[in-house]
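> predicted model and sequence follow; I will ask about them next.
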Amino acid sequence: MADITLETRLVKDIKGTFVVPSYQRGYRWGRDEVTRLLDDIYENLGKNYCLQPVVVARRGDGSYELIDGQQRLTTLYLIRQYMHKDSGGFMEAPSFSIRYDTREESETFLDDVDLDKRDENIDFYFMCGAYETIRDWFEERAKVKPKSVIMTGLNTAFTDSVSIIWYEAEEHDKEDSIRMFERLNIGRIPLTSAELVKAMFLSEAAKGSLAASRQEEIALQWDDMERELHRPSFWSFLSNDEGVGYGTRIDLVLDLIAKKDADSREKYQTFFTFAKWREEGSRPLEKIWEEIYRTFLLLLDWYEDHDLYHKIGYLIASGAETLGSIYAAWEGKGKQAFQDALDAMIRKSIELGNDREYGDLSYDRRDDYALISRLLLLFNVESVRQIRTSRFPFEKFKQKDGRSGWSLEHIHAQQSEGMTKQETWKKWLEYHKESIKAVGGPSELVEAIEKASEKNKLSREEFEALHQQAMDLLSSAGSTEYVHSIANLALLDASDNAALSNSAFDVKRNKIVKMDKEGRFIPFCTKMVFLKYYSPSDKTDLHFWGENDRKAYVREMKKVLTPYLPKEAAAEKEMA
């Protein structure tokens with residue numbers, strides 16, 4: 001890494017000869033890409049704006065091998081060439097040239113684009129298309145304001161505010177260049193902000209600020225941080241992203257320090273922030289590194305603190321807050337003030353508006369679904385936090401393993417919603433046959449189910465009749481009234497198995513027990529519900545989910561969530 005030069009460079013300061021090597025294809029940008037580049041520059045007039053990296057390696061003759069960025073650099077060349085010619089030479093011509101190892105005529109063509117030659121070869125075709133797009137873009141905007149004003153604006157931007165990320169390998173090695181090109185272009189693995197920031201610390205240019213021994217120490221600390229962030233339990237505590245969205249996970253730490261908005265479209269905003277600090281001299285490299293490492297250790301402290309782990313973990317897992325908003329709430333606060341801020345965030349995440357009560361929440365009301373999901377997730381996380389003998393495993397909760405995640409499911413389902421196929425009906429009947437036997441159901445019903453399962457064609461009427469008999473037998477009194485309330489809901493493995501989703505309590509209980517024996521993760525409170533942990537032993541039946549079970553479940557929920565519920569919730573009617 002020591003032979004890397006990394007900086008931001010204004011478009012007007014891009015100079016020299018750039019050589020497109022033989023292992024690359026030629027220019028291929030179309031109308032959409034060219035227009036997007038022009039729009040991005042125009043929309044940011046008057047602001048400091050940085051384009052994506054241009055990766056080069058210096059050749060022995062003083063030219064640069066263009067490893068990545070050919071399309072952007074060629075388009076910038078064509079824009080400046082168009083402005084130079086259309087202004088009659090008033091605007092400056094490009095201050096660099098582009099040469100091609102195997103297509104010498106393309107360099108000459110770029111200097112004087114002749115649209116009549118577009119069909120002579122594929123390079124000319126795309127270059128002509130880009131040139132026409134540039135011309136049309138200026139003509140379209142000239143309908144609103146004079147073209148000269150638009151050109152002057154762009155020219156000023158190229159001179160004062162629009163930069164590229166200049167990533168230069170000091171010595172040219174053809175094999176290294178090809179490997180880097182394959183990584184950046186064929187493998188589609190772009191440079192990340194983190195890699196660019198790392199190069200900022202470890203490059204040759206940094207030696208004026210950091211001793212070689214310090215650079216080696218930083219490199220080791222960097223690798224240690226990346227390795228720690230790859231620990232599933234640590235990463236899942238910090239992020240809902242399984243890692244796909246991050247090229248390197250240390251990007252998450254750097255984004256916090258740079259205060260990058262999660263919705264930012266600027267891919268390299270974080271690097272631009274760090275580069276600006278360095279170039280302005282407002283923060284020396286050593287100070288920047290100290291802040292990076294201190295922030296990482298802070299996140300590690302949060303992870304290792306039992307209470308902070310669960311509170312922050314819930315806020316991120318539920319989507320109520322981002323790590324960025326939590327970090328902002330921490331800045332400038334002592335530990336107790338930070339704890340109070342987290343508690344306020346948790347209360348806000350489950351608060352009800354419009355004078356509603358928690359007992360009014362319903363599964364079949366779209367706006368309530370997300371709030372019930374948060375309440376139950378908080379119930380699970382807080383139950384584990386308050387017990388203090390273990391930690392809620394966010395890594396297992398977020399790990400999909402081919403599943404679609406966790407969803408709200410009825411503890412006891414009574415309807416046949418979503419069951420439209422014969423194979424689903426037969427599967428449902430098979431699931432419930434054993435439960436009917438377990439509660440001493442009539443043998444005639446068991447026999448009828450067996451015969452129905454063997455039929456080549458089972459009619460809906462036959463299934464509905466058997467379904468009704470089975471549910472009458474496996475449901476306790478009063479179940480229908482509360483079927484969609486929070487007292488009959490739990491977090492379960494989201495499944496496309498409609499037969500299981502629409503099953504009675506005893507069937508689902510048997511499934512949970514089987515999953516538990518297999519060592520599969522079941523959210524803590526979900527397991528407690530189906531094992532009847534909350535239910536008074538003298539008022540419950542193992543095979544049914546009845547009124548006493550629902551009341552006990554809600555009572556435990558209220559007890560656990562009391563710190564986050566409004567004071568009046570203690571006196572409100574049962575959530576059941």
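Here it is on my side, so go on. Remember, it's a predicted structure, so these values are computed and weren't measured experimentally.

> right, and the helix or strand after the longest strand anywhere in the chain?
For the chain, the strand with the greatest residue count under DSSP state E is strand 49-58. Per DSSP states H and E, the first helix or strand lying C-terminal to strand 49-58 is strand 64-68.

> quick one, that next one and strand 49-58 angle?
Between the axis of strand 64-68 and that of strand 49-58 there is an angle of 130 degrees, by axes from the mean of the first three to the mean of the last three C-alpha atoms, to 10 degrees.

> and the next helix or strand after strand 64-68, what other elements does it pack with?
Beyond strand 64-68 on the C-terminal side, the first helix or strand identified by DSSP H and E is helix 70-86. Here helix 70-86 touches helix 31-43, strand 49-58, strand 96-100, helix 104-111, helix 122-141, helix 147-160, going by 3 or more C-beta pairs under 8 Å, 6 or more residues apart in numbering; DSSP states H and E. No exception for glycine: its C-beta is placed from N, CA and C like everyone else's.

> so which elements touch the longest one?
Counting contacts by 3+ C-beta pairs under 8 Å, 6+ apart, helix 122-141 is packed against helix 31-43, helix 70-86, helix 104-111, helix 147-160.

> rewinding a little: of all the helices and strands packed on helix 70-86, which one comes closest to Gly546?
When these are ranked by distance to Gly546, counting by C-beta to C-beta, first place goes to helix 31-43 at 61.2 Å.

> now the closest one: average pLDDT?
Model confidence over helix 31-43 averages 94 on the pLDDT scale.

> that helix vs helix 70-86, what angle?
Relative orientation of helix 31-43 versus helix 70-86 (the same axes, to 10 degrees): 70 degrees.

> centre of the chain to helix 31-43, how far?
Per C-alpha atoms, centre = their mean, to the nearest Å, the displacement of helix 31-43 from the mean C-alpha position of its chain is 26 Å.

> show me what counts as buried in it.
Using 16 or more other C-beta atoms under 10 Å as the test for burial, helix 31-43 gives 34-35, 37-38, 41.

> tell me what angle that helix forms with helix 147-160.
With the same axes, to 10 degrees as the criterion, the two stretches helix 31-43 and helix 147-160 enclose an angle of 80 degrees.

> what helices or strands is helix 31-43 leaning on?
Counting contacts by 3+ C-beta pairs under 8 Å, 6+ apart, helix 31-43 is packed against strand 49-58, helix 70-86, helix 122-141, helix 147-160.

> of those, which is nearest Ala499?
Taking C-beta to C-beta, strand 49-58 is the member of these nearest to Ala499, at 50.6 Å.

> dump stretch 434-447 to PDB, restricted to CA.
Below are the C-alpha coordinates for stretch 434-447, written out as PDB (Å, rounded to 0.1, in the frame of the first residue of the first chain):
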ATOM      1  CA  GLU A 434     -52.700 -36.400  15.900                       C
ATOM      2  CA  SER A 435     -53.900 -33.400  18.100                       C
ATOM      3  CA  ILE A 436     -57.500 -34.700  17.800                       C
ATOM      4  CA  LYS A 437     -56.300 -38.100  19.100                       C
ATOM      5  CA  ALA A 438     -54.300 -36.400  21.900                       C
ATOM      6  CA  VAL A 439     -57.400 -34.600  23.300                       C
ATOM      7  CA  GLY A 440     -59.600 -37.800  23.000                       C
ATOM      8  CA  GLY A 441     -61.500 -36.700  20.000                       C
ATOM      9  CA  PRO A 442     -64.100 -39.100  18.400                       C
ATOM     10  CA  SER A 443     -62.700 -41.900  16.300                       C
ATOM     11  CA  GLU A 444     -65.300 -41.100  13.600                       C
ATOM     12  CA  LEU A 445     -63.700 -37.800  13.000                       C
ATOM     13  CA  VAL A 446     -60.200 -39.300  12.800                       C
ATOM     14  CA  GLU A 447     -61.500 -41.900  10.300                       C
END
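
> now do that stretch, average pLDDT.
93.

> what of stretch 15-28?
Stretch 15-28 comes out with an average pLDDT of 89.

> flag the shaky bits of the stretch 51-200 of the chain, pLDDT-wise.
Low-confidence segments of the stretch 51-200 of the chain, defined by pLDDT under 70, span residues 170-190.

> same deal with the stretch 251-400 of the chain?
Using pLDDT under 70, the flagged stretches of the stretch 251-400 of the chain are 265, 354-355, 400.

> okay, helices next: where are they in it?
For the stretch 251-400 of the chain, the helices defined by DSSP state H, counting those that start in this stretch cover 269-280, 285-304, 306-317, 323-330, 335-349, 366-387, 394-398.

> of all these, which one is nearest Thr526?
Between the helices of the stretch 251-400 of the chain, helix 366-387 lies closest to Thr526; by C-beta to C-beta that is 7.4 Å.
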